[in-house]
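In: dropping the sequence and predicted coords here.
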Amino acid sequence: MTTPVLRLGTRRSKLARTQSKLVGERLTAVTGIPVELVDIVTEGDVNRAPLVTMGGAGVFVSAVRDALLRGEVDFVVHSLKDLPTTPEPGIDLVAVPGREDPRDALIARDNLTLGELPVGSKVATGSPRRQVQLEALGFGIEVIGIRGNVGTRIEAVTSGAADAVVLANAGLRRLGETDRITEVIDPLQMLPAPGQGALAVECRAITATSTDQERFIAKALAELDDAESRACVIAERAVLSRAEAGCSAPLGALAEVVEGDAGLELSLAAVLADADGHLIRHSVQGRVVDARTLGEELADLLLERIDGNLPTTMSTKGA
Ligand SMILES: NCc1[nH]cc(CCC(=O)O)c1CC(=O)O
């Protein structure tokens with residue numbers, strides 16, 4: 001078997017390309033294996049309709065996965081927060097590389113922070129999670145909808161269409177747009193989406209019939225896995241799946257590895273909005289190896305407190 005050039009499938013958006021390139025370079029640095037990027041066009045890139053009408057951010061994911069399943073590429077990279085929580089048959093989540101900052105960031109006019117925005121300021125976001133948390137701050141912020149890539153959203157502030165936008169700090173950092181940030185938002189004010197700031201590396205699932213080449217690739221990719229990042233996103237996504245919440249549900253979750261009584265532990269916080277936009281917030285702490293059950297426990301606590309008053313977006317899974 002000759003050392004192959006691995007084909008890394010990527011969406012053409014600047015963020016997707018940047019993230020794929022990052023992981024490809026990391027793989028080459030760690031294993032010496034060369035990587036080439038292969039463009040994949042998805043409906044979400046072509047169609048500017050609101051994401052919810054296209055079945056959620058999943059439209060980005062499935063086209064990329066299809067190329068992987070068809071054998072056109074050897075592996076793919078996603079923003080982990082855009083992945084549905086149900087595993088995809090035929091595909092392995094082979095690595096969660098070291099996570100970027102999971103927090104949200106504010107880009108506001110005149111260098112303003114959230115607390116400094118005057119009452120009635122328009123803050124643009126397409127995310128129900130960000131919307132409910134912005135409104136719950138009590139600053140009198142008016143949330144307006146927005147769609148498009150990171151550049152388009154920043155432009156809304158530059159053009160004056162919005163006073164501010166909220167974006168994932170991780171994406172801004174990867175794109176080198178950090179000088180536009182006016183505040184990195186404290187998770188006490190806004191909990192990020194489960195998995196925010198983490199990347200997911202996927203390859204074709206290894207089975208009894210996998211080729212030597214496929215096994216070699218999976219083994220090489222597994223070297224990119226970061227155990228702590230993986231544990232954190234497992235816990236956060238367990239909250240999401242247990243609550244049966246889709247990718248744009250008004251639910252935030254953040255896990256951190258902390259020093260506990262029994263060594264390293266996971267501290268997990270989550271927030272969920274009820275049908276009236278009231279926030280329910282809770283946190284738990286436990287063993288890193290129990291990441292998934294911790295997340296499920298926390299979801300049950302939230303659901304108990306919300307007492308059936310579920311937001312409408314949560315009955316339509318994936319919206
Ligand atoms: N929903 C789109 C999306 N998916 C991943 C990121 C940023 C990178 C990340 O969270 O890892 C973004 C943009 C944003 O929310 O600002």
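Out: Structure's in. What do you need?
In: any stretches of the stretch 51-200 of the chain with poor pLDDT?
Out: Where the stretch 51-200 of the chain drops to pLDDT under 70, the residues are 51-57.
In: helix/strand/coil for the residue in the stretch 101-250 of the chain that the ligand sits nearest to?
Out: Scanning the stretch 101-250 of the chain for proximity to the ligand using C-beta to the nearest ligand atom identifies Gly171 as nearest, at 3.1 Å. Every C-beta, even on glycine, is put in place using the N, C-alpha and C of the backbone. Judged by DSSP: H, G, I helix; E, B strand; the rest coil, the three-state class of Gly171 is helix.
In: these two touch, right, it and Leu15?
Out: Yes - in terms of C-beta atoms under 8 Å, Gly171 counts as a neighbour of Leu15; the distance is 5.4 Å.
In: who is the nearest residue in space to Val123 that is not next to it in sequence paired with across the strands?
Out: Using C-beta to C-beta, 6 or more residues apart in numbering and skipping residues adjacent in sequence, the residue nearest Val123 is Ala164, 4.7 Å away. Note on Ala164: beta-bridge partners by DSSP bridges are Ala108, Val123.
In: for burial, what's the neighbour tally of Ala164?
Out: When neighbours are counted by other C-beta atoms under 10 Å, Ala164 registers 24.
In: that one touches Arg109, doesn't it?
Out: Yes - with contact defined as C-beta under 8 Å, Ala164 reaches Arg109; the gap is 6.8 Å.
In: common neighbours of these two, please.
Out: Val157 (C-beta atoms under 8 Å, 6 or more residues apart in numbering).
In: can you pull up the most central residue in the chain?
Out: Lys81 (2.1 Å; C-alpha atoms, centre = their mean).
In: and that residue, how far from Asn149?
Out: Distance, Lys81 to Asn149, by C-beta to C-beta, to the nearest Å: 15 Å.
In: sec struct for Ser20, please.
Out: With three-state DSSP as the criterion, Ser20 reads helix.
In: what does the model give it for pLDDT?
Out: Confidence at Ser20, expressed as pLDDT, is 98.
In: what strand or helix carries the spatially closest residue to it that is not a sequence neighbour?
Out: The spatially closest residue to Ser20, leaving aside those adjacent along the chain, is Thr10, at 3.7 Å (C-beta to C-beta, 6+ apart). Using DSSP states H and E, Thr10 maps to strand 6-11.
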